[in-house]
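Enquirer: fold the stuff below for me.
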Amino acid sequence: APLEITQAAGPGFHIENGEVRWQKWRFRYALDPREGLVVYTVGYEDEGRVRPILYRGSVSEMVVPYGDPGAAWFFRNSFDAGELGLGVTASPLRPGVDCPANCSVFNAVISDSTGEPRTLARAVALYERDAGIAWKHGYDARRARELVLAMVSQVGNYDYGFDWIFLEDGTIEVRVELTGIMAVKAVEGRGDAYSHLVGKNTAAPHHQHFFTFRLDLDVDGAQGNRVVELNSVPAPAGKANPYGNAFTMQETPLHTEREAQRSLNLATSRRWVVTNPLVKNALGHSTGYALIPGTNAVPFAAADSWLRRRAGFLNAHLWVTPYQSSERYAGGDYPNQSRGGDGLTRWTAANRSVDSADVVVWYTLGITHNPRPEDWPVMPVETAEFKLIPWGFFAMNPALDLPPER
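Expert: Take a look at the predicted model:
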């Protein structure tokens with residue numbers, strides 16, 4: 001049966017002088033030949049003024065390490081952004097196929113390898129979609145919708161979708177979608193321990209995908225931002241915890257680049273908040289935005305392997321640096337010529353202060369792909385994501401003013 005998505009009155013967003021305006025959100029976007037989709041000057045209108053949140057956000061680098069030690073595989077560790085380019089490989093998007101039927105698609109102009117302008121047809125999509133329940137108590141409820149800014153890059157045999165999703169409650173969700181055709185090899189019988197049989201005499205090696213995002217956050221302004229790590233821990237048994245159920249949340253400021261090299265910890269529900277001590281909320285607390293991890297992984301390549309030396313950004317899930325306009329790419333400017341030690345590992349060796357500064361947060365999300373027959377011959381979409389959510393940024397739920405459905 002047909003599934004129709006229509007907006008008889010047109011989309012709820014409009015673009016004015018290059019700025020996208022949707023409900024209380026304001027932002028700009030562009031397509032970079034290397035980084036792909038980039039969002040700029042993201043802000044949220046609150047009490048008559050637009051409050052800054054994110055100055056610039058992009059995929060700084062990505063790498064795909066293969067776990068097969070064979071001579072034809074050990075070197076396959078493509079830096080898809082720095083070596084190939086996520087923008088130059090953008091796929092044209094078709095409404096009703098690559099994006100919903102109600103989406104608007106836009107061309108993008110990038111420079112080619114000689115510096116000449118090149119137009120990429122229908123490279124970026126922008127659309128609204130239903131997002132379930134926004135909030136509910138008893139009979140009173142509101143329906144949510146969200147705005148999606150999307151592109152797809154076809155990098156060799158893989159296809160990657162990149163979505164920046166804006167929610168009415170002030171959340172920004174960043175989602176990666178992976179599909180396409182796996183790299184495979186011919187085998188006899190069931191193959192070996194480093195791959196999985198996906199077809200007759202056909203095996204796909206185990207591999208990982210890592211995406212490092214550069215997030216130049218300006219929470220209520222560029223100056224005075226700091227990063228605080230949050231860890232929830234059980235309280236010790238005793239008079240203050242007689243039933244053994246209590247737990248607390250510890251807040252640890254990250255003062256220097258070395259302190260701010262952090263990894264996930266499921267046991268403590270670890271997350272990080274970029275706060276602005278110069279701006280207080282209605283309760284007298286510093287306003288902030290929290291980075292909430294989603295799907296993730298750790299690299300299995302040895303720490304002294306050529307891959308890890310070139311991709312030093314995999315040594316931690318989170319890095320924080322003070323803003324420098326020249327520090328754009330986590331693996332260095334020229335990863336295809338790198339002998340290791342470039343990018344984040346080189347910059348942070350100075351152990352600069354990131355306390356009360358214009359900070360840049362670098363976050364790596366990863367997927368471990370152990371192939372299965374259902375991934376062949378074309379892989380169903382797998383997703384990985386993280387969120388930026390308001391953490392004391394507002395006085396209350398900013399979606400309370402949503403009108404009831406007719």
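Enquirer: ok, now which ones touch R129?
Expert: The neighbourhood of R129, defined by Cβ atoms under 8 Å, 6 or more residues apart in numbering, consists of I5, P100, R145, E146, V148. To be clear about C-beta, it is placed using only N, CA and C from the backbone, and glycine gets the same treatment.
Enquirer: pLDDT score assigned to it?
Expert: At R129, the model reports a pLDDT of 96.
Enquirer: looks to me like it is in a strand.
Expert: Yes - according to DSSP: H, G, I helix; E, B strand; the rest coil, R129 belongs to a strand.
Enquirer: from R76, how far out is it?
Expert: 36 Å (Cβ to Cβ, to the nearest Å).
Enquirer: now swap in V64 and tell me
Expert: For V64, the distance to R76 - Cβ to Cβ - is 8 Å.
Enquirer: looking at those two, which one has more neighbours?
Expert: Higher neighbour count among V64 and R76: V64, with 20 against 15, using other Cβ atoms under 10 Å.
Enquirer: now do stretch 259-266: everything it contacts.
Expert: Against stretch 259-266 from outside (Cβ under 8 Å, 6+ apart): 227, 229, 231, 254, 270, 272, 293, 296, 298, 315-320, 348, 354.
Enquirer: run the last query once more with 6 Å
Expert: Here stretch 259-266 makes contact (Cβ atoms under 6 Å, 6 or more residues apart in numbering) with L254, R270, P293, N296, A316, H317, L318, W319, V320, V354.
Enquirer: gap between it and the chain center?
Expert: Distance of stretch 259-266 from its chain centroid, counting by Cα atoms, centre = their mean, to the nearest Å, is 17 Å.
Enquirer: repeat for stretch 137-150
Expert: With Cα atoms, centre = their mean as the basis, stretch 137-150 stands 22 Å off its chain's centre.
Enquirer: quick one on the thing from earlier: among the contacts of stretch 259-266, which one has the most neighbours?
Expert: V320 (30 neighbours).
Enquirer: quick one on the thing from earlier: quickly name whichever of the contacts of R129 is closest to D220.
Expert: Checking those against D220 with Cβ to Cβ, the nearest one is E146 at 23.2 Å.
Enquirer: how much space separates that closest one from I165?
Expert: The gap separating E146 from I165 is 5 Å, by Cβ to Cβ.
Enquirer: who does V359 form a beta bridge with?
Expert: P322 (DSSP bridges).
Enquirer: my guess is it contacts Q223. True?
Expert: No - using Cβ atoms under 6 Å as the test, V359 is too far from Q223 to be in contact (10.3 Å).
Enquirer: so for these two, which sits in the more crowded spot?
Expert: Counted by other Cβ under 10 Å, V359 and Q223 do not tie: V359 has more neighbours, with 24 against 11.
Enquirer: quick one: the host helix or strand of L37 to chain centroid distance?
Expert: Assessed by DSSP states H and E, L37 sits inside strand 36-46. Computed by Cα atoms, centre = their mean, the chain-centroid distance of strand 36-46 equals 14 Å.
Enquirer: just the pLDDT for the one residue sitting closest to the centre of the chain.
Expert: When Cα atoms, centre = their mean is applied to the chain, the residue found nearest the centroid is V174 (4.3 Å). V174 carries a pLDDT value of 98.
Enquirer: and it, helix, strand or coil?
Expert: At V174 the chain is in strand, as set by three-state DSSP.
Enquirer: who touches stretch 114-124?
Expert: So stretch 114-124 is contacted by L31, A90, P92, L93, V105, F106, N107, A108, V109, I110, D112, M151 (Cβ under 6 Å, 6+ apart).
Enquirer: which stretches in the protein count as helices?
Expert: Ranges of helices in the chain, per DSSP state H, are 306-310, 344-347.
Enquirer: the shortest one: which residues count as buried?
Expert: Think helix 344-347. By neighbour count with 16 or more other Cβ atoms under 10 Å, helix 344-347 contains the buried residues L344, T345, W347.
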